[in-house]
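# task: produce atomic coordinates for the following.
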Amino acid sequence: MSPFFVMSLLFGLIFGQTASLCAPSEYTIHVEKRECAYCLAINTTICAGFCMTRDSNGKKLLLKSALSQNVCTYKEMLYRTALIPGCPHHTIPYYSYPVALSCKCGKCNTDYSDCVRERVRTNYCTKPQKLCNL
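Modelled structure (predicted):
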């Protein structure tokens, strides 16, 4: 291997995360309950963006620590609670949702993230909509 190739490989492994574009991004969640009269549109922030990953084609040449499939995930977050309008008294009218304060590229934690790429388009309202800006 040429010295230029080795230096390029080392540079990419060490500084690869600096090229990542993972940051809090504005997002609207639509929430509704069958018992309630309205759908609530909640403006929040989620972690979204590109994270550098390393191809496993060279896995025989590299250490396991150099082979990572990182995702854009929460570094810091808090939960807020919104009140869904038009709910009868016997229904719990609250919905808690995450707000991303900062993000990082790292391993996906299934405790608070959906780590599956398959996406189903369900973020819409079937009832009259109310907007919640918290």
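# run a quick neighbour tally on residue 44.
19 (other C-beta atoms under 10 Å). The way it works is simple: take the backbone N, C-alpha and C, and place the C-beta from them, glycine included.
# which strand residues bridge the residue lying closest to it once chain neighbours are set aside?
Excluding the flanking residues, the one nearest residue 44 by C-beta to C-beta, 6 or more residues apart in numbering is residue 99, at 5.2 Å. The bridge-partner assignment for residue 99, based on DSSP bridges, gives residue 78.
# for residue 99, give its distance to residue 22.
16 Å (C-beta to C-beta, to the nearest Å).
# with neighbour numbers in mind, choose between these two.
The residue with more neighbours, out of residue 99 and residue 22, is residue 22; 22 against 18, by other C-beta under 10 Å.
# residues contacting the host helix or strand of the more buried one, please?
In this structure, residue 22 sits in strand 21-32 according to DSSP states H and E. Here strand 21-32 makes contact (C-beta atoms under 8 Å, 6 or more residues apart in numbering) with 38-51, 72-73, 82, 84, 95, 97, 100-105, 123-127, 129.
# for residue 26, see how far away the residue nearest to residue 44 is.
Where residue 26 is concerned, residue 99 sits at a distance of 11 Å (C-beta to C-beta).
# which neighbours do the two have in common?
Among the neighbours of residue 99, those also in contact with residue 26 (C-beta under 8 Å, 6+ apart) are 44-45.
# ok, back up a step: direction included, what does the strand holding residue 22 pair against?
When sheet partners are counted by DSSP bridges, strand 21-32 sits next to strand 39-50 (antiparallel).
# pull out the buried residues from the partner strand.
Neighbour-count burial for strand 39-50, with 16 or more other C-beta atoms under 10 Å as criterion, is recorded at 39-42, 44-47.
# do stretch 94-108 as well
Taking 16+ other C-beta under 10 Å as the basis for neighbour counts, the residues of stretch 94-108 that come out buried are 95, 97-100, 103-106.
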